[in-house]
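1. Take a look and give me a structure for this.
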Amino acid sequence: MKYTTLPNTDIKISKICLGTMTFGEQNTEAEGHAQMDYALEKGINFFDTAEMYSVPARQETYGSTEKIIGTWFKKTGKREEIILASKIAGPSPTFTYMRDKMDFSPASIQFALDQSLQRLQTDYIDVYQLHWPERKTNYFGQRGFKVQDDAWEDNIHGVLETLEDFIKQGKINHIGLSNETPWGIMRFLEESKYQNLPRIKTVQNPYSLLNRLFENGSSEVCIRENVGLLAYSPMGFGVLSGKYLSGENLPHARINIFPQYNRYNSPQSVEATRLYQEIAHKNGLTLTELSLAFVTQQAFVTSTIIGATTMEQLKENSATIDVVLSDDILKVINEVQAIIPDPAP
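-> Numbering: from 1, shown residues only. Predicted coordinates for the structure are as follows:
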């Protein structure tokens, strides 16, 4: 395994992070435990979860992933060996079963955090993230910002004060953002800098060969401000394994089980995937190796979040840490990006 440090800390984390959103939906507790056992054995010491997981979020499985991680901590006693990240869900009209108000008010953060700690069977979370903004901004499938009727008033100072209180209590060590824009990242950094409040260490956004929108502004912010990207969906919901190109019927594949994530199987995504697979094969690589190595070696990526529904997938994905793409391969990848830019925003 390769390691780096969580930005602006001395905490060593693996360059590959174990994503867990399938635990409790596509994976049983036993399968989740087996994945965590294997990940730690291979040197992966960074696990990511969220209060809303498993995915897709629904009331019946709310918190199931954190519970599975919690029973693994209790069974193994290895909490201190893991850098654990979790998230509080932002406003959503469909997730009201989580708590009375889906916002980042002090009461909501305290309730969400305490519930997560209880499910995880731990006293603290290493990186606590805001899963998406309270304000209306870019959404999945949308490239640009659209002016909308948004009653949100800037409360970032208050949110940071609340998080600071939980840091002082020892319930949180560090904080991060998720599904955030360049403006949002800079706004949090500005408030922490000028008001002496906790500084965000990471932002967790989608980033893959099919979605490189993070490069448009956010990458510069991360490099210049030393904020680390935790890249999620680096395999484009499994599309970048190439398994859908054969036309084979895969009824249990994630993109077929959850058709609402259809941005990854648009005609443009399919064609781009085919071109990337050609590049991989011409260079003696699998498409999985090409896809994950591309993400992991970006200068602004702190850790690449991999998720798997089978041990075979987890083994293949984690092994890509040893793959390094040459400048010639990166050049050809960028040629495809120029022809079919970001087909799965």
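2. Residue 3 touches residue 17, doesn't it?
-> No - using CB atoms under 8 Å, residue 3 and residue 17 do not qualify as a contacting pair, with a distance of 11.5 Å. From N, CA and C alone the C-beta is placed, and that goes for glycine too.
3. Now do the helices in the stretch 101-250 of the chain.
-> Using DSSP state H, counting those that start in this stretch, the helices of the stretch 101-250 of the chain run over 106-120, 156-169, 182-195, 218-225.
4. okay if I get those as CSV plus mean neighbour count, distance to residue 58 and mean pLDDT?
-> Formatted as CSV, the entries for those read as follows, by neighbours: other CB atoms under 10 Å; distance: least, CB to CB, whole Å; pLDDT from 0 to 100:
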stretch, mean neighbour count, distance to residue 58, mean pLDDT
helix 106-120, 18, 16, 98
helix 156-169, 17, 27, 98
helix 182-195, 16, 27, 97
helix 218-225, 17, 30, 98
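5. Indicate which one of these is closest to residue 55.
-> Counting by CB to CB, residue 55 lies closest to helix 106-120 out of the helices of the stretch 101-250 of the chain; the figure is 15.9 Å.
6. circling back: of residue 3 and residue 17, give the one with the bigger neighbour count.
-> Neighbour comparison, residue 3 and residue 17: the larger count goes to residue 17, with 25 against 13 (by other CB atoms under 10 Å).
7. For residue 67, which non-adjacent residue is closest in space?
-> Leaving aside its sequence neighbours, residue 67 sits nearest to residue 119 (CB to CB, 6 or more residues apart in numbering; 4.8 Å).
8. In this structure the one you found contacts residue 68, no?
-> No - contact between residue 119 and residue 68 fails when scored by CB under 8 Å: they sit 9.0 Å apart.
9. picking that back up, can you put the helices of the stretch 101-250 of the chain in TSV and add distance to residue 40?
-> Compiled in TSV, the helices of the stretch 101-250 of the chain are given as follows (distance: least, CB to CB, whole Å):
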stretch	distance to residue 40
helix 106-120	16
helix 156-169	26
helix 182-195	31
helix 218-225	27
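10. Compare those and give me the one nearest residue 312.
-> In terms of CB to CB, the element of the helices of the stretch 101-250 of the chain nearest to residue 312 is helix 106-120, at 27.3 Å.
11. Which other helices and strands does that closest one contact?
-> In terms of contacts (3 or more CB pairs under 8 Å, 6 or more residues apart in numbering; DSSP states H and E), helix 106-120 is packed against helix 64-76, strand 83-88, strand 125-130, helix 156-169.
12. and the first one, average pLDDT?
-> I take that to be helix 64-76. Looking at helix 64-76 alone, the average pLDDT works out to 98.
13. counting contacts, what elements does it pack onto?
-> The contact analysis (3+ CB pairs under 8 Å, 6+ apart) places helix 64-76 against helix 29-41, helix 106-120.
14. Please compute how far the last one lies from its chain's middle.
-> Once both centres are worked out by CA atoms, centre = their mean, to the nearest Å, helix 106-120 turns out to sit 20 Å from its chain's centre.
15. try the first one
-> In this view, helix 29-41 has its centroid 19 Å away from the chain centroid, taken as CA atoms, centre = their mean.
16. give me the low-pLDDT residue ranges for the stretch 201-345 of the chain?
-> By pLDDT under 70, the weakly predicted segments of the stretch 201-345 of the chain are 247-262.
17. Give me the distance between the residue nearest to residue 67 and residue 54.
-> According to CB to CB, to the nearest Å, residue 119 stands 12 Å off from residue 54.
18. out of the helices and strands packed on helix 64-76, which comes closest to residue 335?
-> That would be helix 29-41 among those, by CB to CB, at 34.5 Å.
19. buried sites along the closest one?
-> Within helix 29-41, the residues scored as buried using 16 or more other CB atoms under 10 Å are 31-33, 35-36, 38-40.
20. list the helices and strands the next helix or strand after it packs on?
-> The first helix or strand that comes after helix 29-41 along the chain, using DSSP states H and E, is strand 46-48. Of the remaining helices and strands, those touching strand 46-48 by 3+ CB pairs under 8 Å, 6+ apart are strand 16-19, strand 83-88.
21. Please repeat the previous calculation with a cut-off of 10 Å.
-> Secondary structure elements in contact with strand 46-48, counted by 3 or more CB pairs under 10 Å, 6 or more residues apart in numbering; DSSP states H and E, are strand 12-14, strand 16-19, helix 29-41, helix 64-76, strand 83-88, strand 125-130, strand 228-232, strand 301-306.
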